[in-house]
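> Structure here, sequence nowhere to be found:
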């Protein structure tokens, strides 16, 4: 399979076909290759996605060539989309509150960028073009992230010429660019990423070169295109899959892509919750507030190592028998000899741990302050990792009864008596939630390994239907075994691809894109295709490079 | 420049020229409607339910009897042990409404799914955390569109962290369009006024400059939103943006009192647990001031996260997380170590919430009214909890308290039982009381999901 994939990718880089095909479309006359798929119909998306706050902050920094981020977006009213990821710009709007933020920031940034001649020169990248019109054309090209029309330039020049009247105390050489910058930074062509091209080709609307450059840049870097990407857009290089793939590979080698990949996993795995973790220090003396940061660093270092240093895929993320821990994390794992706050590689040779779900972040954020929480551990895996789409529980489910002090029971026994077979919770809990959650019962509320629960032996066995086309459940014992089964399942790989699609495309996956998800999920499962290769494939797909013809309601 | 702005500017270390305000020079025409009485509404929301006779808890919230309320009656006897006794000073201006039901199924998380229903009376998309989105507009937006100049957006505040399991969910500009909440009273104040130390002639120039930029932006927004291929959702979003541009030109000069300005400035970490009640009070300062200055006519304030995790300090004691108290255990889930005396602790938090609400009433009552005794009398100041009780977090007996009478349009000094009818009736009543009407000029009686029974609470509404 690895060979087949490599072959297909080479072909995809050679044929230059615009739309359609499997991994870039094989040559139709080659009988050894599978037939090309029809055009992948893109899902509906906003034509005016708004920059989120992180994108805004990055974009103003790059646009104005500021030496450091201005940290203005942290004072803005919070964005809230309710999505799994923060990249769905179609759910972000501008109301009077956020407009006041943008207005205030624009005025402040315009002053910063035109403070004096040196600042103005830096804004232009070294040399200030002669004449207001030339200045406007260059500033608008970078602010709109496309060449401005003559009418747009004319309107801005007219505005800039009013600076002498409206800002009489500012030197003329600075006043015009300052007023123009104020306007550009508040323009909808800056605050949004309008995609207004409407040519139709093979039943879809291909994006223009600059629209595609923007999609690529915001997907991989969360900021505006760099000069190379602008050049690729202008030269027509992005009109072919080959051109897009070339740029995507270049961009993935840039350090900014590491931040993007990290942000994806932070959000997918809800890492932010780790900063709210509290534990009873009598029961868990290893806990301190510093451990929160250490747990986050463990997961982030591990993810970066697997994806960038090792160029490996999801299966490795889920099963690798090592992690990276500093002294705080090592203490929880019972490892001596680790000092300091820099995460060090820790090998797991006893078979008790492997992959993300036996690391501390997952285990602690899905536990209470005193006890494990198998229900939330199982629910998280169902929703976020397997995308099983659990049906909702019935109304008014009473809480799990408290522990009966006269009866010693394991957490598993307590939960099963309430939600297990023969109870009204059997359908979801026994089938979907409990088996996955119980597998981690050897890890306590802080993620420490334990042999017993309440002095009783732990049963961490279970079975789960990973293949819905079959009736055969897969049996496993413990978190490591379960992680291996998850890593071997099409469900997990398809789910992971689906999440990546949502993150990169800035919208949920459409049904029409299911074949794309299943195809890439299969490749990920069968061959542990590197995560970065999956990202690249999603970016060269028809679904990313085009829009549907139909206007959404 | 007025004294309070100087105080703010002093605290900000001289950022003045970056924040030109200039609103005093803007036209007042949109607000200047002396013939039309201004009425205001503010919704303060607490979470996690209350201790009332429900779910096995004793009655610790409502006065014993329905009917007329008096200050003495609320303070004495068994009523003095109830949380509502905290509002006894305002008895004659209160309307207590018990047993209000939220209609739509709460399948996964009571907090997450009650919050978006509270002011929308609409179904939601379902789910946990921040996933549930209301499938309808919230009443603050409906009121804003009717009563604010140029349809300016309502004020949306939250005292709580931005990174949390269930964040803001009270205000919805349209179906599934959540309104982001401001977390910082200082930022809210700055947005409402701008800050300027510049002399008037400079302010005039900046106003003109802003107007020129706004004109430029407006033209571009109109051009983009006029594209035929845009979806209805995209057009709605761009229209909201256009409205916002217009709104910025309608601000006026009006200052906070020096003490409030100092206190607003003093909060540097508004999302911190330890300043939560303080942030609530400061948002109330800003809202009351904004009403007084007619900068807005409607506001929402969400106290705490969806499942309020605040550790309140009450009578010198740091309480466990409120959400844990509401579960009666040291945990967010259904199992954990029991919290001793949790019902009493919950009751004390209820009292604290109502003391905070009383602060809002004090602030509103401190401003004069052009029509009544005080600004409070022109208001419907509303306190709600989006759940009825601690365990099991029921949503069919949520508590509503309205203070102020909305300029005489609501009966006050009254305690009524809503008898588990739905919240849309209360929302219709509040909106009608502050002057919202249907297109045919009749009372608003159809807000919320069409499946709900229409109507208003005719037993408390004095206007027809």
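That came through fine. Values in this document were obtained by computation on a predicted structure and should not be read as measured data.

> In three-state terms, label the most centrally placed residue in chain B for me.
Using Cα atoms, centre = their mean, the residue of chain B that lies closest to the mean C-alpha position is residue B:300, 1.8 Å off. Here residue B:300 is recorded as strand under DSSP: H, G, I helix; E, B strand; the rest coil.

> Contacts only, for it.
Shown in contact with residue B:300 (Cβ atoms under 8 Å, 6 or more residues apart in numbering or on different chains): B:42-45, B:119, B:138, B:140, B:154-157, B:170-171, B:181. C-betas here are computed from N, CA, C, even on glycine.

> other SSEs contacting the strand or helix carrying residue A:234?
Using DSSP states H and E, residue A:234 sits within helix A:227-235. Packing partners of helix A:227-235 (3 or more Cβ pairs under 8 Å, 6 or more residues apart in numbering or on different chains; DSSP states H and E): helix A:209-220, helix A:241-252.

> Quick check: buried residues in it?
Of the residues in helix A:227-235, A:229, A:230, A:232, A:233 count as buried by neighbour count, 16 or more other Cβ atoms under 10 Å in any protein chain shown.

> Between helix A:241-252 and it, find me the angle.
170 degrees (axes from the mean of the first three to the mean of the last three Cα atoms, to 10 degrees).

> what sits up against helix A:227-235?
Contacts of helix A:227-235 (Cβ under 8 Å, 6+ apart): A:141, A:145-147, A:208-210, A:212-213, A:216-217, A:225, A:237-238, A:243, A:246-247, A:250-251.

> if you count residues, which helix in chain A comes out on top?
The helix that spans the most residues within chain A, counting by DSSP state H, is helix A:96-113.

> continuing past that helix, what's the next helix or strand?
Next element after helix A:96-113 (DSSP H and E): helix A:117-123.

> chain center to the following helix or strand past that following helix, what's the gap?
Using DSSP H and E, the helix or strand that follows helix A:117-123 in sequence is helix A:132-144. Distance, stretch centre to chain centre, for helix A:132-144: 32 Å (Cα atoms, centre = their mean, to the nearest Å).

> hang on, the earlier thing: how many degrees apart are the helix holding residue A:234 and helix A:132-144 in direction?
Counting by the same axes, to 10 degrees, helix A:227-235 lies at 100 degrees to helix A:132-144.

> what stretches of the stretch 1-150 of chain A score poorly on pLDDT?
A:1-39, A:81 (pLDDT under 70).

> can we see that at 80?
A:1-40, A:80-82, A:96-97 (pLDDT under 80).

> near chain B, which residues of it?
Residues of the stretch 1-150 of chain A lying near chain B by Cβ under 8 Å from any Cβ of the partner chain: A:44, A:46-48, A:50, A:75, A:77-82, A:90-101, A:103-104, A:106-108, A:111.

> in chain B, what secondary structure element scores lowest on mean pLDDT?
helix B:3-12 (a mean of 43; mean pLDDT, DSSP states H and E).

> Can you name the next helix or strand after that helix?
Next along from helix B:3-12, by DSSP H and E: strand B:40-46.

> what are the ranges of the strands in chain B?
B:40-46, B:67-68, B:94-101, B:155-159, B:172-174, B:177-178, B:298-303, B:313-314, B:317-318, B:379-385, B:398-403, B:414-422 (DSSP state E).

> Dump those into JSON lines; add distance to residue A:66 as well.
Shown next, in JSON lines, are these (distance: least, Cβ to Cβ, whole Å):
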{"stretch": "strand B:40-46", "distance to residue A:66": "39"}
{"stretch": "strand B:67-68", "distance to residue A:66": "64"}
{"stretch": "strand B:94-101", "distance to residue A:66": "52"}
{"stretch": "strand B:155-159", "distance to residue A:66": "30"}
{"stretch": "strand B:172-174", "distance to residue A:66": "32"}
{"stretch": "strand B:177-178", "distance to residue A:66": "31"}
{"stretch": "strand B:298-303", "distance to residue A:66": "34"}
{"stretch": "strand B:313-314", "distance to residue A:66": "41"}
{"stretch": "strand B:317-318", "distance to residue A:66": "43"}
{"stretch": "strand B:379-385", "distance to residue A:66": "44"}
{"stretch": "strand B:398-403", "distance to residue A:66": "49"}
{"stretch": "strand B:414-422", "distance to residue A:66": "53"}
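
> Can I get these in a markdown table including mean pLDDT and distance to residue A:385?
As requested, these are exported to a markdown table (pLDDT from 0 to 100; distance: least, Cβ to Cβ, whole Å):
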| stretch | mean pLDDT | distance to residue A:385 |
| --- | --- | --- |
| strand B:40-46 | 97 | 34 |
| strand B:67-68 | 96 | 56 |
| strand B:94-101 | 96 | 37 |
| strand B:155-159 | 96 | 31 |
| strand B:172-174 | 94 | 31 |
| strand B:177-178 | 92 | 26 |
| strand B:298-303 | 98 | 31 |
| strand B:313-314 | 94 | 40 |
| strand B:317-318 | 92 | 37 |
| strand B:379-385 | 97 | 35 |
| strand B:398-403 | 97 | 36 |
| strand B:414-422 | 95 | 38 |
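
> On the strand side of things, show who residue A:547 bridges to.
Counting by DSSP bridges, residue A:547 forms beta bridges with residue A:205.

> residues contacting residue 47?
As the question left the chain open, I've gone with chain A. Per Cβ under 8 Å, 6+ apart, neighbours of residue A:47: A:194, A:195, A:196, A:547, B:227, B:229, B:230, B:231, B:234.

> think we crossed wires, I meant chain B
Neighbour list for residue B:47: B:111, B:115, B:303-308, B:322-323, B:385-387 [criterion: Cβ under 8 Å, 6+ apart].

> rerun at 7 Å
Contact analysis of residue B:47 by Cβ atoms under 7 Å, 6 or more residues apart in numbering or on different chains lists B:111, B:304, B:306, B:307, B:308, B:385, B:386, B:387.

> now the fifth one: how far from residue B:349?
This points to residue B:308. When distance is defined by Cβ to Cβ, to the nearest Å, residue B:308 is 9 Å away from residue B:349.

> between these two, who's got more neighbours?
Ranked by neighbour count (other Cβ atoms under 10 Å in any protein chain shown), residue B:308 and residue B:349 place residue B:308 first, with 26 against 23.

> The more buried one and residue B:322 touch, don't they?
Yes - if you go by Cβ atoms under 7 Å, residue B:308 and residue B:322 touch, sitting 4.7 Å apart.

> can you give me the strands for chain A?
Using DSSP E, strands in chain A cover A:204-206, A:322-325, A:344-347, A:452-453, A:456-457, A:461-464, A:474-477, A:546-548.

> Stretch A:457-473: how far from the chain's middle?
Using Cα atoms, centre = their mean, the offset of stretch A:457-473 from its chain centre is 29 Å.

> still on that earlier bit, out of the strands of chain A, nearest to residue A:429?
Taking Cβ to Cβ, strand A:461-464 is the member of these nearest to residue A:429, at 11.6 Å.

> packing partners for that closest one?
Contacts defined by 3 or more Cβ pairs under 7 Å, 6 or more residues apart in numbering or on different chains; DSSP states H and E place strand A:461-464 against helix A:434-438, strand A:474-477.

> Out of those, which one sits most buried?
Stretch with highest mean neighbour count among the helices and strands packed on strand A:461-464: helix A:434-438 (a mean of 26; mean count of other Cβ atoms under 10 Å in any protein chain shown).

> What helices and strands are in contact with that helix?
Using 3+ Cβ pairs under 7 Å, 6+ apart: helix A:434-438 touches helix A:374-380, helix A:411-419, strand A:461-464.
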